[in-house]
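Engineer: Please work out how this folds:
(one chain, ligands or ions: 1)
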Amino acid sequence: MFKKILIANRGEIAARILRACREMGIEAVTVYSTADADSLHVLFAEQSVCIGPPRAGDSYLNMDAILTVAKATGCDAIHPGYGFLSENDAFADACRDAGIAFIGPSGDVIRKMGNKSAARALMQSVGVPVVPGSDGLVRDEDEAVKVGERIGYPVLIKAAAGGGGRGMRRVYEPSEMRDLFREAMAESVACFGSDEMYIEKLILNPRHIEFQILADKYGNVIQLGERDCSVQRKNQKLLEETPSHALTPDLRKRMGDAAVRAAKAAGYENAGTIEFVLAPNKEFYFIEMNTRIQVEHPVTEMVTSMDLVREQIRIAAGLKLSRTQEEVELRGHAIECRINAENPAKEFAPCPGKADFLYFPGGPGVRIDTCMYNGYEIPPFYDSMVGKIIVWAPTRLEAIRRMRRCLEELTIDGVQTNAELMHQILYHPVFVRGNYTTAFLEEHLPTMLEWMARIEESEA
Ligand code: ADP
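Structural biologist: Residues are numbered from 1 along each chain as shown. Below is the predicted model:
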């Protein structure tokens, strides 16, 4: 087992990894930017090293600085968390070359799955269904127009290097294709430095269903059930739950098998996620693989009683999976709400600031993963997600009631968050019935915002 792990991340996930290390008796070193000197992952860690100024490119994305700290502090492994360097193939390679274990898949596998268009082709070759679309990349507007004619509108333009919903455009009419293709490509170049685009048929009113998988160095691959991440804003997840109301045991088995097949085809190792869209007619299609631990991993931990970060560390250290597929038991229901410092009424604009007073919910079946504490000042340089509330209960309805109760207990003074909106969602009849799609939030946001405004008025 590793002796000392460097955590190359910040925020709640750095604290999460630190907890796993501590429980496993492994020493940990965290790194931080000057904007994060007072952050939880610095205060919690036995050893923490400043790696640069606030801009991520100068700190959390600075591979040389991170590797230098890892070597100087005697770390034998690096956990990248999510975001930042977690899906950076060059960083995985650099760790390997420095003789330090990268807690994740190899650089080769990250490369293979990181190009979403190439990943699609690989999945097709092993019989995992993909959304009908362009065969390979679409170079320019003219080709985009032709692909649109061939597969039929509406379509979705995507960036092969994309993530976080960026570089994507929905196209409903042929006449919009040229402009939107240019826009999407420009966004991809700006965000990812890549002009590689592809096109998929836009599935109307789908659900986003993803499967957690674990794979060790010995070819063993298991899946830990699904997460329904259909509550999204701007193609980004806000709330996740497991199990999904949309899946029957038979469909779960077929999708789970496809996820395992996908991971095996990729030669995958460590924890990963196979993402699908599920059409209203129950056809499912692979959209991409995430080669890292995900924000929403705790809902899977709640229903499996497994610690996924611990599993990641064990796998990277060369241990076999701690459970076989038959030993994986999915119990009860779990929901996660992401708490973002943002204003839902202003197009979810980030609202960094100082949390003057905080009170987090507790009680049975409640887990809080956050980087906030009383007096914490959220820096403006990074992601607006500052915490997650995760609940577990025997049934979905009990989990919903528990989450409502948690959101009512939650107090964050001084910072605008999306907690009120979450509360509205937890009461929305479409959500409560469980048959919501990725269109749910966009469609019902105006009404929910109106209700929130009325509540605020009546309380004033
Ligand atoms: P990113 O990597 O930017 O998150 P994804 O490919 O994972 O992009 O897609 C993000 C979201 O966009 C999905 O969760 C889903 O809601 C929606 N989406 C992706 N592909 C399709 C599709 N072909 N049809 C309809 N919705 C889609």
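Engineer: going forward, measure contacts and count neighbours with C-alpha atoms only.
Structural biologist: Noted.
Engineer: Output the set of residues of the stretch 351-460 of the chain in proximity to the ligand.
Structural biologist: Proximity of the stretch 351-460 of the chain to the ligand (C-alpha under 6 Å from any ligand atom) is limited to residues Thr438.
Engineer: Taking the stretch 351-460 of the chain, what residue is nearest to the ligand?
Structural biologist: Minimum separation of the stretch 351-460 of the chain from the ligand (C-alpha to the nearest ligand atom) falls at Thr438, amounting to 5.4 Å.
Engineer: so what's that residue up against?
Structural biologist: Thr438 sits next to Asn205, Pro206, Arg207, His208, Ser230, Val231, Gln232 when contact means C-alpha atoms under 8 Å, 6 or more residues apart in numbering.
Engineer: Which ones among the residues you listed lie within strands?
Structural biologist: With strands taken from DSSP state E, the overlap with the contacts of Thr438 comprises Arg207, His208, Ser230, Val231, Gln232.
Engineer: can you tell me the distance between the two ends of stretch 406-417?
Structural biologist: 15 Å (C-alpha to C-alpha, to the nearest Å).
Engineer: Ok, stretch 367-387 next?
Structural biologist: 11 Å.
Engineer: Going forward, count from 252.
Structural biologist: Yep, numbering from 252; the last one is stretch 618-638 now.
Engineer: Just the buried positions in it, please.
Structural biologist: The neighbour-count check on stretch 618-638 (16 or more other C-alpha atoms under 10 Å) flags 618-624, 627-630, 633, 635-638 as buried.
Engineer: One more: stretch 676-694?
Structural biologist: Using 16+ other C-alpha under 10 Å as the test for burial, stretch 676-694 gives Ile676, Leu677, Phe682, Tyr687, Thr688, Thr689, Ala690, Phe691, Leu692.
Engineer: Quick check: phi and psi on the residue of the stretch 602-711 of the chain closest to the ligand?
Structural biologist: Main-chain torsions, Thr689, degrees, to the nearest 10: phi -70, psi -10.
Engineer: If I look at it, what pLDDT would I see?
Structural biologist: Thr689 carries a pLDDT value of 97.
Engineer: count of neighbours near the residue nearest to it when sequence neighbours are not counted?
Structural biologist: Among residues not flanking Thr689 along the chain, Ser481 sits closest, at 4.5 Å (C-alpha to C-alpha, 6 or more residues apart in numbering). If you count neighbours by other C-alpha atoms under 10 Å, Ser481 ends up with 28.
Engineer: wait, Ser481 sits on Gln487?
Structural biologist: No: Ser481 lies out of contact with Gln487 (C-alpha atoms under 8 Å); the separation is 9.1 Å.
Engineer: Which helix or strand contains Gly355?
Structural biologist: Element membership for Gly355 (DSSP states H and E) is empty, with no helix or strand holding it.
Engineer: what residues are up against the closest residue to it other than its chain neighbours?
Structural biologist: Closest residue in space to Gly355, ignoring its immediate chain neighbours: Asn521 at 5.3 Å, by C-alpha to C-alpha, 6+ apart. Going by C-alpha under 8 Å, 6+ apart, Asn521 touches Ile354, Gly355, Pro356, Leu465, Ala466, Asp467, Glu562, Gln563, Ile566, Ala567.
Engineer: What separation is there between Asn521 and Ile544?
Structural biologist: 9 Å.
Engineer: Apart from its neighbours in sequence, what residue is nearest Ala592?
Structural biologist: Distance criterion C-alpha to C-alpha, 6+ apart; nearest residue to Ala592, sequence neighbours excluded, is Thr668 at 4.3 Å.
Engineer: Local confidence estimate at the one you found?
Structural biologist: On the pLDDT scale, Thr668 is placed at 97.
Engineer: The closest residue in space to Leu572 that isn't next to it in sequence: how many residues sit nearby?
Structural biologist: Nearest non-adjacent residue to Leu572, counting by C-alpha to C-alpha, 6+ apart: Asp467, 6.0 Å away. Here the number of neighbours of Asp467 (other C-alpha under 10 Å) works out to 24.
Engineer: same question, Leu465
Structural biologist: Look at Leu465: counted by other C-alpha under 10 Å, it has 23 neighbours.
Engineer: Just confirm it is within a helix.
Structural biologist: No: according to DSSP: H, G, I helix; E, B strand; the rest coil, the state of Leu465 is strand, so it is not within a helix.
Engineer: Is stretch 322-334 positioned near the ligand?
Structural biologist: No: residues of stretch 322-334 contacting the ligand under C-alpha under 6 Å from any ligand atom: none, with a closest distance of 11.6 Å.
Engineer: Sort out which residues of that stretch are buried, please.
Structural biologist: Quick answer for stretch 322-334 (16+ other C-alpha under 10 Å): Thr324, Cys326, Asp327, Ala328, Ile329, His330, Pro331, Gly332, Tyr333, Gly334.
Engineer: Specify the next element, helix or strand, located C-terminal of the helix or strand containing Ala341.
Structural biologist: If you go by DSSP H and E, Ala341 is part of helix 340-348. Note on helix 340-348: by DSSP H and E, the next helix or strand toward the C-terminus is strand 352-353.
Engineer: outside of that following strand, which residues touch it?
Structural biologist: Contacts of strand 352-353 (C-alpha under 8 Å, 6+ apart): Asp327, Ala328, Ile329, His330, Pro331, Ala343, Cys346, Arg347, Ala567, Ala568.
Engineer: Just those residues: which are in strands?
Structural biologist: Taking DSSP E as the definition of strands, the contacts of strand 352-353 contribute Ala328, Ile329, His330.
Engineer: Please identify which of the residues you listed is nearest to the ligand.
Structural biologist: If you rank the ones in strands among the contacts of strand 352-353 by distance to the ligand using C-alpha to the nearest ligand atom, His330 comes first, at 21.1 Å.
Engineer: tell me which residues form a beta bridge with the closest one?
Structural biologist: With DSSP bridges as the criterion, His330 is bridged to Ile258.
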